[in-house]
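**Student:** attaching a predicted model along with its sequence, questions to come.
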Amino acid sequence: MTAGAERFSVRRVECPTDLRAAQRLRYEVFVAELGGDGPMVDHDARLERDRFDPFFDHLILTDAERDGVVVGVYRVLRDDQAARAGQFYSEDEYDLGVLKRSGRRLMELGRSCLAPEYRGGAAMYHMWQGLARYIVENEIEILFGVASFHGTDPQALAQPLSLLHHRHLAPEELRVRALPGHYQALNLLPDAEIDRRAAMLQVPALIKAYLRLGGFVGDGAFVDHAFNTTDICLVMDTERLSKTQKNIYTKGLAG
């Protein structure tokens, strides 16, 4: 068996073949597994894609033991790329004005996924290593992006959403807000009524990972019926990372 460091590798997509492989994995996770859809999803070719793909950089994780098949994807958009795209992807759901006015170097994260058999192990560690290198190379100061809970019933998610509001709400200078007309309050339960253990069991692993790194959540959720998700916006200021968190962040994070 190939050693972990040699088995997995992360690279930026540079050709149409790699991009299709990334979109195919996204389809298997976001459409086939989670029931999402969208105007540019190609069900015949099993490709999950949208109008932002030409502007984003795509980082792909490959497995040498399976002839380099793509087993992980991260889609990233720097602020200079967003200027060419006309907006950040998240601006369809959140008012990002507080971040855009900060004058700091921004990068949006999205479409993060792993093939089911690679979740919770070394693959995620290597995916995060590749992402951390990209962040350092591009001198990114603030990371943000939409992350999702499965399902569109906020009341069924009252415990985890309320926990995020009471324990992880972003400070005002980082507090993006769900757009009017789509705003769903996170504060569905008083803090005293939250069963923290039960709430955390409902929080997806990726969101937990950002929280462990010192990430915050924005004000309000966005219920995305097309993707069958309830979305929150996560924000992380790299300057706020503690020494311990920076070690995790730069070395990668499993789980």
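**Tutor:** Thanks, I have the structure now.

**Student:** mind listing the strands for the stretch 101-250 of the chain?
**Tutor:** Using DSSP state E, counting those that start in this stretch, the strands found in the stretch 101-250 of the chain span residues 106-114, 142-150, 177-178, 183-184, 216-217, 221-224, 229-237.

**Student:** ok and the last one relative to strand 106-114, angle-wise?
**Tutor:** Strand 229-237 and strand 106-114 are oriented at 130 degrees to each other (axes from the mean of the first three to the mean of the last three Cα atoms, to 10 degrees).

**Student:** quick one: strand 229-237 to strand 142-150, angle?
**Tutor:** Orientation of strand 229-237 against strand 142-150 (the same axes, to 10 degrees) gives an angle of 160 degrees.

**Student:** just checking: what are the partner strands of strand 229-237?
**Tutor:** strand 142-150 (antiparallel), strand 216-217 (antiparallel), strand 221-224 (antiparallel) (DSSP bridges).

**Student:** in a markdown table: the strands of the stretch 101-250 of the chain, plus distance to residue 81.
**Tutor:** (Glycine included, C-beta is placed from N, CA and C.) Listed next are these as a markdown table, based on distance: least, Cβ to Cβ, whole Å:
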| stretch | distance to residue 81 |
| --- | --- |
| strand 106-114 | 9 |
| strand 142-150 | 14 |
| strand 177-178 | 23 |
| strand 183-184 | 27 |
| strand 216-217 | 23 |
| strand 221-224 | 22 |
| strand 229-237 | 18 |
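
**Student:** could I get those strands as a markdown table with mean neighbour count?
**Tutor:** Shown next, in a markdown table, are those (neighbours: other Cβ atoms under 10 Å):
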| stretch | mean neighbour count |
| --- | --- |
| strand 106-114 | 23 |
| strand 142-150 | 22 |
| strand 177-178 | 19 |
| strand 183-184 | 17 |
| strand 216-217 | 24 |
| strand 221-224 | 22 |
| strand 229-237 | 24 |
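
**Student:** just the pLDDT for the closest residue to residue 93 other than its chain neighbours.
**Tutor:** Leaving aside its sequence neighbours, residue 93 sits nearest to residue 222 (Cβ to Cβ, 6 or more residues apart in numbering; 4.1 Å). As predicted, residue 222 sits at a pLDDT of 96.

**Student:** before we move on, what about residue 3?
**Tutor:** 49.

**Student:** cool, and residue 249?
**Tutor:** 57.

**Student:** do the same with residue 147
**Tutor:** 91.

**Student:** distance of the residue lying closest to residue 152 once chain neighbours are set aside relative to residue 96?
**Tutor:** When the adjacent residues along the chain are set aside, residue 152 lies closest to residue 223, with 5.1 Å between them (Cβ to Cβ, 6+ apart). Counting by Cβ to Cβ, to the nearest Å, the separation of residue 223 from residue 96 is 19 Å.

**Student:** tell me the contacts of residue 8?
**Tutor:** 61-64, 122-123, 126 (Cβ atoms under 8 Å, 6 or more residues apart in numbering).
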